[in-house]
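S.K.: With the sequence up front, the predicted model follows.
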2 protein chains.
Amino acid sequence: MSPRRVTLADVAKAAGVSRTTASLVLSGRGRELRISHDVEQRVLKAAEELQYRPNIVSVGLRTGTSRTIGFVSDTVATSRLAGDMIKGALEAARDRGFMLFIGETEGDAALEGLLLQAMQDRQVDGLILASMFTRTIKLPKGITAAPTVLLNALSKQPTPLPAVLPDEVEAGRSAARVLLDAGHRDGIYLIGAGPSLRDVPSGSVAAVERLVGIREALGEAGVKVAGARVCPDWQPEYGLAAAQDLLRTTRPRALICFNDRIAMGVYQALDDFGLKVPADVSVVSFDDHPIASWMRPKLTTVALPHYELGRKAVDVLFTEIDRDRSDPDRVGEVHRVPMPVRSRDSVAPSATAESLD
Amino acid sequence: MSPRRVTLADVAKAAGVSRTTASLVLSGRGRELRISHDVEQRVLKAAEELQYRPNIVSVGLRTGTSRTIGFVSDTVATSRLAGDMIKGALEAARDRGFMLFIGETEGDAALEGLLLQAMQDRQVDGLILASMFTRTIKLPKGITAAPTVLLNALSKQPTPLPAVLPDEVEAGRSAARVLLDAGHRDGIYLIGAGPSLRDVPSGSVAAVERLVGIREALGEAGVKVAGARVCPDWQPEYGLAAAQDLLRTTRPRALICFNDRIAMGVYQALDDFGLKVPADVSVVSFDDHPIASWMRPKLTTVALPHYELGRKAVDVLFTEIDRDRSDPDRVGEVHRVPMPVRSRDSVAPSATAESLD
DNA sequence: TATCGGCGCTAACCCGATTTAGCAAACGAA
DNA sequence: TTCGTTTGCTAAATCGGGTTAGCGCCGATA
């Protein structure tokens, strides 16, 4: 029914040459192997007219490559973060003519093993192991076969695999700087974690790193955190509860929320207490979740650069693929992707700052 | 470096038989071709011990298959809908040992063409053409090569391709029924589209179908829509504006919002006018966007079954793949996936209904 | 004893490309 | 004229399986 695909043999026949010659010309090696200009043109013309495209499966069998990358994540659906990350990876891969296999493990090691096998069986040229929230993972064994990059994840064991992560420490500094730049020096409270580095939800790398950055930036400005409330889980209801608890005893001037979902609960608590954002209380947050721009006033937040993370992971993977594989004792580099501040409407200059004018 | 893959030849040698025999045994055709039990066991044992897995690329070259499906959508990132849809497709494919190629066209026809070519070059066994919001699409040409299913999309031209879509009309009926069941008969307003079938955002299939369902269900109960406001785009700000406009002149008893983002704006407008959900006004909506369960009170909404849509598309695709390809003049079936009601806290019995007790 | 047929297995070809090794013709130098 | 070299191309092997055609052996039959 469907017309058979055009093969190299068809092109060769049309050009009146052997398959070898056609292959050489089309792979660009015709020049160095002294194929005559005349023959070269005949082959190119035939390929053009027949709309020849090499069968990648066949090339794959011969060369062991597939122009394909495997993207294995623990979750693609639960957090929407995945979408942009995959999109970034997709586009970076497409720029090089690569396709992406998507796989989801749901945190199941057995499933992960099967998935990696299935990808190896299809001769993927490289793997990206992604986690949807930053964390340390146990490396599945048997991934040495293909070049691999960790995305939004760090290995528990030392590993030669490179990793791509958001620069959370710098993000913490950015959040603090947003408030400092607005003149805030007093009444800065944290919602979600802190004030000490031990006061974090267990297993959250982001919490620790954001906290480190916040404390560094504030410390350098000689500003102290006025207080903090830990949230066991970074969901709106915990943000609400934490903020209510805080507001019963205090009137903060600025709040740093550890993510946007917390900030959503915090907004509600502030509203309950009759406090206006940003006139009474400035709020800055992390993630740039879609809701951040839906909240009223729109939330100023330090964005997780999902798209860039995805792109970067693929870029790093390509350098891995191109790299000379002989170096045995190299250590996986950690690439940090900047988290940009999305300045919106939830931060106002502090009253004290204005009075200094 | 990495130990070479185990091939069929290795298994054959270990079992002391020819590659042919090993292939026959492992493909299950040993029985019918009278391979002795002894030899069969030796082959199976060798394959087991060597952990033999066939190279799918090789099989692909010979048989033209790849145990792979191409999933091409206009967008994977912008709307989070994609995540669950892909997840459903992923799992359904995995159940059959298939992998998914993901591609994104961004509505660019040229890009779509390239993507489809790239997938054909990799010999995908089938294609899913997905749209992230329900709409009619122009079919790219040259997709006759592989079995194809439309997901969340309808073809502009008549086509033999099956389509998988959410059952929006029934969803409209469901939304109406939620209010009817709560005793609402008066003061029911629509926000987003209506009251006439012409009052819809252009190009929105969902708007028309939901509206049809709503009007049918209400009509059958002898209830009339009290009024409606169209939103040019279904975003919170338009919902806010539409509701404000409505509330300046009216006191509705129940609102049917055409999606959750509109409902979010509507909540705010109701709050501005000092009206409580659901005590003063019941609200029902569509989509079950993640924010629906974050809103306070939690929003009752008719869910887009993304996961099921993804699964269903793959299931339908497999029946296409298995189908006898000879039937030339069949018409693409349209499969409708039910949209379930998520009953939460935004609908209360109407005051009149209670007074009847 | 030659023939036939079933049994159990294998040689060889195929898929569509890449790549190695090598061949024939033309040319130059001795 | 002869040998060596360069030029320009091709035959054949290869990747790892699936598949077709057929081979050798055995026992039964004529």
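M.R.: The structure has been received and is ready for your questions.

S.K.: Could you tell me how far the residue positioned nearest the centre of chain A is located from B:Lys87?
M.R.: Taking Cα atoms, centre = their mean as the criterion, A:Leu309 is the residue nearest the geometric centre of chain A, at 2.9 Å. A:Leu309 sits 20 Å away from B:Lys87, going by Cβ to Cβ, to the nearest Å. Heads up, the C-betas are built off the backbone N, CA and C, glycines and all.

S.K.: follow-up on the earlier one: alpha carbons of the host helix or strand of the residue nearest to the centre of chain A, as CSV, please.
M.R.: For A:Leu309, the host element (DSSP states H and E) is helix A:306-322. Extracted in CSV, the C-alpha atoms of helix A:306-322 (Å, rounded to 0.1, in the frame of the first residue of the first chain):
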residue,chain,number,x,y,z
HIS,A,306,12.9,23.9,34.2
TYR,A,307,13.3,24.6,30.5
GLU,A,308,16.9,25.6,30.9
LEU,A,309,17.6,22.6,33.1
GLY,A,310,16.3,20.3,30.4
ARG,A,311,18.3,22.0,27.7
LYS,A,312,21.4,22.0,29.8
ALA,A,313,21.1,18.4,30.6
VAL,A,314,21.0,17.5,26.9
ASP,A,315,23.9,19.8,26.2
VAL,A,316,26.0,18.2,28.9
LEU,A,317,25.0,14.8,27.6
PHE,A,318,26.2,15.6,24.2
THR,A,319,29.6,16.7,25.5
GLU,A,320,29.7,13.3,27.3
ILE,A,321,28.8,11.5,24.1
ASP,A,322,31.5,13.3,22.2
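
S.K.: Quick check: buried residues in that helix?
M.R.: A:306-318, A:320-321 (16 or more other Cβ atoms under 10 Å in any protein chain shown).

S.K.: Show residues contacting it.
M.R.: Helix A:306-322 is contacted by residues A:69, A:81-93, A:96, A:98, A:125-128, A:130, A:147-149, A:151-152, A:162, A:164-166, A:333, A:335, A:337-338, B:77 when judged by Cβ atoms under 8 Å, 6 or more residues apart in numbering or on different chains.

S.K.: List only buried entries from these.
M.R.: A:69, A:81-93, A:98, A:125-128, A:130, A:147-149, A:151-152, A:162, A:164-166, A:335, A:337, B:77.

S.K.: Among those, which lie within helices?
M.R.: Per DSSP state H, helices hold the following members of the buried ones among the contacts of helix A:306-322: A:81-93.

S.K.: could these go into CSV alongside pLDDT?
M.R.: Formatted as CSV, those follow (pLDDT from 0 to 100):
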residue, pLDDT
A:Leu81, 67
A:Ala82, 75
A:Gly83, 80
A:Asp84, 85
A:Met85, 90
A:Ile86, 89
A:Lys87, 90
A:Gly88, 93
A:Ala89, 94
A:Leu90, 94
A:Glu91, 94
A:Ala92, 96
A:Ala93, 96
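
S.K.: now, which of the residues you listed sits nearest B:Gly222?
M.R.: The closest of these to B:Gly222 turns out to be A:Gly83 (Cβ to Cβ; 44.2 Å).

S.K.: Can you tell me how far the closest one is from A:Val39?
M.R.: Distance from A:Gly83 to A:Val39, by Cβ to Cβ: 49 Å.

S.K.: any idea where the helices of the stretch 251-357 of chain A begin and end?
M.R.: Ranges of helices in the stretch 251-357 of chain A, per DSSP state H, counting those that start in this stretch, are A:260-272, A:306-322, A:351-355.

S.K.: which residues sit against the first one?
M.R.: Right, the one you point to is helix A:260-272. A:191-192, A:231, A:234-244, A:247, A:255, A:257, A:276-277, A:280-281, A:283, A:285-289, A:291-292, A:295, A:299, A:301, A:346, B:294, B:296.

S.K.: I'd like the average pLDDT over the helix holding A:Leu309.
M.R.: In this model, helix A:306-322 has a mean pLDDT of 94.

S.K.: pLDDT score for the residue nearest to A:Val124 when sequence neighbours are not counted?
M.R.: Counting by Cβ to Cβ, 6 or more residues apart in numbering or on different chains, A:Val124 lies nearest to A:Gly70, which is 4.2 Å off, once chain neighbours are set aside. With respect to pLDDT, A:Gly70 scores 96.

S.K.: A:Thr144 too?
M.R.: In this model, A:Thr144 is scored at 68, pLDDT.

S.K.: do the one 3 residues further on as well
M.R.: Each residue has a pLDDT score; the one for A:Pro147 is 92.

S.K.: That one reaches A:Ile128, doesn't it?
M.R.: No - contact criterion Cβ atoms under 8 Å: A:Pro147 and A:Ile128 do not qualify, at 9.9 Å.

S.K.: As TSV, the helices of the stretch 251-357 of chain A with distance to A:Val223 would be great.
M.R.: Listed next are the helices of the stretch 251-357 of chain A as TSV, based on distance: least, Cβ to Cβ, whole Å:
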stretch	distance to A:Val223
helix A:260-272	20
helix A:306-322	30
helix A:351-355	12
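
S.K.: Tabulate these (CSV), appending distance to DNA strand D.
M.R.: Shown next, in CSV, are these (distance: least, Cβ to the nearest atom of the strand, whole Å):
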stretch, distance to DNA strand D
helix A:260-272, 48
helix A:306-322, 19
helix A:351-355, 69
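
S.K.: Pick out the residue of the stretch 101-250 of chain A closest to DNA strand C.
M.R.: Distances between the stretch 101-250 of chain A and DNA strand C by Cβ to the nearest atom of the strand are smallest at A:Gln123, namely 12.3 Å.

S.K.: cool, chain A as well?
M.R.: Residue nearest to DNA strand C within chain A (Cβ to the nearest atom of the strand): A:Thr7, separated by 2.8 Å.

S.K.: ok, that residue - contacts?
M.R.: A:Tyr52, A:Asn55.

S.K.: Next: A:Leu129.
M.R.: A:Leu129 touches A:Val72, A:Ser73, A:Ile137, A:Leu139, A:Pro140, A:Ile143, A:Thr148, A:Val149, A:Leu150, A:Leu151, A:Ala153, counting by Cβ under 8 Å, 6+ apart.

S.K.: what do you get if the cut-off is 7 Å, keeping everything else the same?
M.R.: A:Val72, A:Thr148, A:Leu150, A:Leu151, A:Ala153 (Cβ atoms under 7 Å, 6 or more residues apart in numbering or on different chains).

S.K.: Show me what it bridges to in the sheet.
M.R.: On the basis of DSSP bridges, A:Leu129 is bridged to A:Val72, A:Leu150.
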